[in-house]
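Student: generate coordinates for the sequence data below:
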Amino acid sequence: MNGTNDIKRGTTRKALAEQLINKTAECERIHALLNLQREFLRTLTVASSLNEVAGFLLEQTCNSLGWDFGAIWTLDRRAQVLRCIEAWSSPSLDLREFLKATREQTFPQGRGLPGLVWADPIPVSLVDLSTVINLPRITLAAKPGLESGIVLPIRRDDEFQGVVELFSRERGEPVREISEIAVDLCSQIGQLLSRSQLENSLRREQVEGRAAARIQRALLPRGQFHMDRFQICGASRNSFPVGGDVFDILPWTVGGQEEVAVLIADASGHGLAAALIASLARAYVRAFARSSVDAGKILTSCNQELANDLADGAFVTSILLRLNPVTGTLAYGNAGHCAGFVMNAHGDIRNTLSSTGFPLGLVPQKQIDTVSTLPLEPGDLLILYSDGITESFSPQKQLFGTQRLIEVVRSCRHEPPDRIVAGVFNAQRRFAENQLIQDDSTVVIVKAN
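Tutor: Numbers count the residues shown, from 1 in each chain. Okay, the predicted model is just below:
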């Protein structure tokens, strides 16, 4: 009886030992899988592109999960094909032919194993590669001994981005945990691809923005413009690399007599779109100034063209001056722009250059009227600006305002125009306490000698 009990106890201890060994092995396997997931996460988090870590990911995945071949395919959006960016094979199998075919071939949607997953982006499990037909590349995989595989889509926010292929020399379905880790890897790769695409897009925008800013700056007049009886200077400051404000100084010849025109235009919106609209308005003004010297008529012609060109709701406010150095007079048209001012040598506002029509581009056929023959005396200042100056705010939400602008100009009215322009921008910056100005800002000062 005791002998029988001893046998039972021995059998029980052996069974318990086997269970303990199995559980220990299972814990070690799960621990190894968790470590692999953490390694994937760490690697993909610090990587700047998938290409620089693809080989490492495939080698770690295959060695840790028991696969003998792995490949990562990404979508070439321009060519609309899948390309293999990296492949790895076990050194214990001669997979050179399959590896070569994988690296050299591309697949459109619906063609080849990667293309089929692109057409229907769900995981595909291949239990027996020898039964696969009509896929020549997979036939190459079966020759050296690969028996099974799994093909997983790479997606991010329901957007297809590529495919991961994994093949094994063992036939059958992969273990559930291994499949889950492979799916998790695809998810993390999708995040990296999305981040890389966003970073590349931002870099392109920065490069394009800098190029556009250089072009826009090159179009603006530089330094002070001197003409008999007039000194003119202007400057623009953009809230984005490029902005919707432009100004221009155009020498005119009228009946053999030299005159000069001054333009400020402010397009609705911000950034590149506003810059394109403002530049278009400037180009129209220059074009129509070749056949007319009437400020209102030039702006009226611009309005008709811009109304045909612009999308609904886009518009440009603009003020165009014509200065005659012989008679010392001013004529202007104002298409919904901020009112300019004429300040005399004593600092008093002598004239206000109010709006004479609608902003450009809003209403076709609308006429912009001309106000003509305003006399200018020596020491008079013409103050032109965009609303980015007067509508800038302090941290306390106070408005810079028109009156503050007038006071700043009044305080430095005896300075040359470039000093007055600098004084306005310095006052704006101090008022905003060096915080970012939210709108494009332009100032042009004309001084009568």
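Student: now do the contacts for the closest residue to residue 97 other than its chain neighbours.
Tutor: Nearest non-adjacent residue to residue 97, counting by C-beta to C-beta, 6 or more residues apart in numbering: residue 140, 5.5 Å away. All C-beta spots, glycine's among them, are computed from the backbone N, C-alpha and C. Residue 140 makes contact with 97-98, 101, according to C-beta atoms under 8 Å, 6 or more residues apart in numbering.
Student: make sure residue 140 is indeed in a strand.
Tutor: No - judged by DSSP: H, G, I helix; E, B strand; the rest coil, residue 140 forms no part of a strand; its state is helix.
Student: returning to that earlier point: show me which of the contacts of residue 140 is closest to residue 234.
Tutor: residue 101 (64.8 Å; C-beta to C-beta).
Student: for that closest one, what are its contacts?
Tutor: Contacts for residue 101 (C-beta under 8 Å, 6+ apart) come out as 137, 140.
Student: if you set the cut-off to 10 Å instead, what comes out?
Tutor: Applying C-beta atoms under 10 Å, 6 or more residues apart in numbering, one finds that residue 101 lies in contact with 84, 87, 95, 136-141.
Student: turn those into TSV, including distance to residue 120 and pLDDT.
Tutor: TSV is the format used below for those (distance: C-beta to C-beta, whole Å; pLDDT from 0 to 100):
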residue	distance to residue 120	pLDDT
84	20	94
87	23	93
95	27	91
136	20	85
137	18	88
138	17	87
139	22	84
140	23	87
141	21	88
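Student: can I get the buried part of these as one ChimeraX selection?
Tutor: Here is the ChimeraX command that selects the buried residues among the contacts of residue 101 (16 or more other C-beta atoms under 10 Å):
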select :84,87,95,137,138,140,141
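Student: in CSV, list the contacts of residue 101 along with distance to residue 314.
Tutor: Formatted as CSV, those follow (distance: C-beta to C-beta, whole Å):
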residue, distance to residue 314
84, 46
87, 51
95, 59
136, 55
137, 53
138, 55
139, 59
140, 58
141, 57
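Student: give me the distance between residue 139 and residue 129.
Tutor: Per C-beta to C-beta, to the nearest Å, residue 139 is found 8 Å from residue 129.
Student: overlap of the contact sets of the two?
Tutor: By C-beta under 10 Å, 6+ apart, no residue touches both residue 139 and residue 129.
Student: what segments of the stretch 51-200 of the chain are helices?
Tutor: Remark: helices assigned in the stretch 51-200 of the chain by DSSP state H, counting those that start in this stretch are 54-65, 96-104, 112-119, 136-142, 176-219.
Student: for the third one, name the packing helices and strands.
Tutor: Taking 3 or more C-beta pairs under 10 Å, 6 or more residues apart in numbering; DSSP states H and E as contact, the helices and strands that helix 112-119 lies on are strand 69-76, strand 81-89, strand 106-107, strand 124-126, helix 136-142, strand 148-156, strand 159-168.
Student: what's the spacing between the shortest one and its chain's center?
Tutor: In terms of C-alpha atoms, centre = their mean, to the nearest Å, the centre of strand 106-107 is found 30 Å from the chain centre.
Student: which residues sit against that strand?
Tutor: 73, 76, 79-84, 112-118, 137, 163.
Student: export the contacts of residue 140 to TSV and tack on distance to residue 286 and pLDDT?
Tutor: Output for the contacts of residue 140, formatted as TSV (distance: C-beta to C-beta, whole Å; pLDDT from 0 to 100):
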residue	distance to residue 286	pLDDT
97	66	91
98	65	92
101	60	93
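Student: dump those into TSV; add distance to residue 223 as well.
Tutor: Shown next, in TSV, are the contacts of residue 140 (distance: C-beta to C-beta, whole Å):
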residue	distance to residue 223
97	70
98	68
101	65
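Student: which one among those gets closest to residue 317?
Tutor: residue 101 (63.3 Å).
Student: what's the spacing between that closest one and residue 140?
Tutor: From residue 101 to residue 140 the distance is 6 Å (C-beta to C-beta).
Student: pretty sure residue 260 sits in a strand.
Tutor: Yes - Residue 260 forms part of a strand when assessed by three-state DSSP.
Student: need the contact list for it.
Tutor: 225, 227-228, 230, 232, 249-252, 321-325, 446.
Student: name the nearest residue to it, sequence neighbours excluded.
Tutor: Nearest to residue 260 is residue 323, by C-beta to C-beta, 6+ apart, at 5.0 Å.
Student: related to what we said a few turns ago, format the helices and strands packed on helix 112-119 as CSV; extra columns: distance to residue 437.
Tutor: Output for the helices and strands packed on helix 112-119, formatted as CSV (distance: least, C-beta to C-beta, whole Å):
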stretch, distance to residue 437
strand 69-76, 42
strand 81-89, 44
strand 106-107, 50
strand 124-126, 56
helix 136-142, 59
strand 148-156, 37
strand 159-168, 37
